[in-house]
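*Asks:* sequence unknown, structure follows:
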């Protein structure tokens, strides 16, 4: 009897041990499958794999990056760049052919070189800049390599003087002119004085005029504005020139007082009203908001909402659910 019990116990222990070994083997196989191919490593969170430095992913493998002569791996480790003095040409690095009076670009593009100061590109060579009279060398401005001095403008291969008419001055750029304040261009080579009508002044540009307050433009003049009672002159140059005082609203050519009902206040604009919090607009009056039990005013105070745990059912609040 005792021998039978011992035999059964051993069988159970052997079964458990075999099951544990089987589970461990399966786990090791799964871990090996998730580890990725050769020359790879786990990703940031361990749920994917990435190729090592100097390798590039090719489907489920990591293949070594073939570096051509005169190349090096870039900062990502997954691509390459050419050494200084070389530029990428398909899968190789070709030497950059420098013409005379040229130097390598810091970040090669196109030919990989640029002309020295005082020279401009001409095909695959660099020719000296021919600077005309009244001009200065200017790198990066067009293809000529020069720019005209202040008071001159480019004209063909030279610089032409800017002829400034009376009552004018050079622009900020220095290659053109504009009329002085109080004058406006008349034709292409003169400045005419601006005729200011009575009750007018020069605007901010200095080349046009506006009417004084209480006056409006009318056929080239500034005509007085008829301001009705309870109105103020405005600065609107192209409108009626007046606006109603606070507490009044425009009605045609006059200002009528706003009838403010009880429990109301004037809006910020001053030409309309709104009901106080807890009241709602009912025609020309403000009526108190009637709230059912378990309700409260909404954020703007013109309506009501049910309390938490209640739902609106018509004009009542009932328990939710």
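*Replies:* Yep, it's here. Small disclaimer: the values here were computed from a predicted structure and weren't measured. Numbering: from 1, shown residues only.
*Asks:* Tell me the spacing between residue 146 and residue 49.
*Replies:* 59 Å (CB to CB, to the nearest Å). In short, each C-beta sits where N, CA and C put it, glycine included.
*Asks:* sorry, that was for residue 211
*Replies:* For residue 211, the distance to residue 49 - CB to CB - is 77 Å.
*Asks:* just residue 60 next, same as before
*Replies:* Counting by CB to CB - residue 60 and residue 49 are separated by 10 Å.
*Asks:* can you list the weak-confidence ranges in the stretch 1-150 of the chain?
*Replies:* The stretch 1-150 of the chain contains residues with pLDDT under 70 at 1-35, 46-47, 139-143.
*Asks:* just checking, what packs against the helix or strand harbouring residue 210?
*Replies:* Using DSSP states H and E, residue 210 falls within strand 209-211. Contact here means 3 or more CB pairs under 8 Å, 6 or more residues apart in numbering; DSSP states H and E; on that basis strand 209-211 packs against strand 200-202.
*Asks:* Partner strands of the strand it packs on and their direction?
*Replies:* Strand 200-202 pairs in its sheet with strand 209-211 (antiparallel), by DSSP bridges.
*Asks:* any residues touching the partner strand, and which ones?
*Replies:* By CB atoms under 8 Å, 6 or more residues apart in numbering, the residues outside strand 209-211 that reach it are 194, 196, 197, 199, 200, 201, 202, 203, 217, 222, 237.
*Asks:* Now render these as CSV, adding pLDDT.
*Replies:* Listed next are the contacts of strand 209-211 as CSV, based on pLDDT from 0 to 100:
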residue, pLDDT
194, 96
196, 95
197, 95
199, 94
200, 94
201, 95
202, 95
203, 92
217, 84
222, 90
237, 61
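*Asks:* Domain map for the chain?
*Replies:* According to automatic domain parsing, the chain comprises the domains 197-257, 258-287, 289-321.
*Asks:* All the helices of this structure, residue numbers only.
*Replies:* 2-34 (DSSP state H).
*Asks:* Okay, the nearest residue to residue 271 once chain neighbours are set aside and residue 243: tell me how far apart.
*Replies:* Once flanking residues are discounted, residue 271 sits nearest to residue 249: 4.5 Å by CB to CB, 6 or more residues apart in numbering. According to CB to CB, residue 249 stands 10 Å off from residue 243.
*Asks:* Look at the two and report which has more neighbours.
*Replies:* More crowded of residue 249 and residue 243, by other CB atoms under 10 Å: residue 243, with 19 against 14.
*Asks:* What residues does the more buried one make contact with?
*Replies:* Per CB under 8 Å, 6+ apart, neighbours of residue 243: 231, 232, 234, 236, 250.
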